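[1] A predicted structure for the sequence below; I have some questions about it.
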Amino acid sequence: MKNLKYILVAFICVFSFGCKVNYSFTGITETPETFQVNFFQNNADLVEPGLDRLFTNALQDRIVNQTSAQLVTTGGEVIYEGEIVEYRISPMTATAEIKAAQNRLTISVNVRYINTKDPEKDMEQRFSFFSDYPANAQLNGSIKDIAFDEILERLTQDILNATLADW
């Protein structure tokens, strides 16, 4: 019985520390040591004040929360840069009275990803997502906060998946 206890402890130690399995629920298999997110300027035709700062911070937070990489201001192993290229509100579904029943907020971001260790992984891509809200509501207050949260969550996750995950 005593030997069984030692064998069990040795077994757990060997398999816990001896094998390094690089597995993640996010799909991220290779995490850089450092990353840099440059300020994303808002170059959309319709400019929402503060959206550039919100997006930049949301992307930084997403990478910090889902990787072990350290955020740096210069000299990052991987660099994210780009601009917000679209902020559009458009009517969607119509009612029987031929009025909009919903409006759609669409935000698009052009992202340049630079991998200083492996330039073959560099990419430039446009990411876009939307949120629908009732047409009789104004896009402000909690409605705007909910729409921004939904859009920024999806945009930043899509960017992370495209750059660091093996999807």
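    Ah, there it is. Residues are numbered from 1 along each chain as shown.

[2] the one helix or strand residue 113 maps to - contacts with which helices or strands?
    For residue 113, the host element (DSSP states H and E) is strand 102-115. Packing partners of strand 102-115 (3 or more Cβ pairs under 8 Å, 6 or more residues apart in numbering; DSSP states H and E): helix 51-66, strand 78-91, strand 123-134, helix 141-164. Heads up, the C-betas are built off the backbone N, CA and C, glycines and all.

[3] right, and the ones you listed - which one's nearest residue 34?
    Between residue 34 and the helices and strands packed on strand 102-115, the tightest spacing by Cβ to Cβ is seen for strand 78-91, at 7.7 Å.

[4] and the angle for the closest one with strand 123-134?
    Counting by axes from the mean of the first three to the mean of the last three Cα atoms, to 10 degrees, strand 78-91 lies at 30 degrees to strand 123-134.

[5] and strand 78-91, what's its mean pLDDT?
    If you average the pLDDT over strand 78-91, you get 96.

[6] that strand: how far from the chain's middle?
    13 Å (Cα atoms, centre = their mean, to the nearest Å).

[7] in its sheet, what does it sit against?
    strand 34-37 (parallel), strand 41-42 (parallel), strand 102-115 (antiparallel) (DSSP bridges).

[8] any chance of the helices and strands packed on strand 102-115 in CSV, with mean neighbour count and distance to residue 97 too?
    Listed next are the helices and strands packed on strand 102-115 as CSV, based on neighbours: other Cβ atoms under 10 Å; distance: least, Cβ to Cβ, whole Å:
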stretch, mean neighbour count, distance to residue 97
helix 51-66, 18, 33
strand 78-91, 18, 13
strand 123-134, 15, 15
helix 141-164, 17, 22
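
[9] turn the ones you listed into TSV, including distance to residue 109.
    Below are the helices and strands packed on strand 102-115 laid out as TSV (distance: least, Cβ to Cβ, whole Å):
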stretch	distance to residue 109
helix 51-66	7
strand 78-91	5
strand 123-134	5
helix 141-164	6
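
[10] for residue 32, find the nearest of the ones you listed.
    strand 78-91 (4.7 Å).

[11] give me the angle between that closest one and helix 51-66.
    Using the same axes, to 10 degrees: strand 78-91 against helix 51-66 is 130 degrees.

[12] tell me what angle strand 78-91 forms with helix 141-164.
    Using the same axes, to 10 degrees: strand 78-91 against helix 141-164 is 140 degrees.

[13] so for residue 62, which of the strands paired with strand 78-91 sits nearest?
    Among these, strand 34-37 sits nearest to residue 62 (Cβ to Cβ), with 9.6 Å.

[14] bridging residues for residue 126?
    Assigned bridge partners for residue 126, using DSSP bridges, are residue 110.
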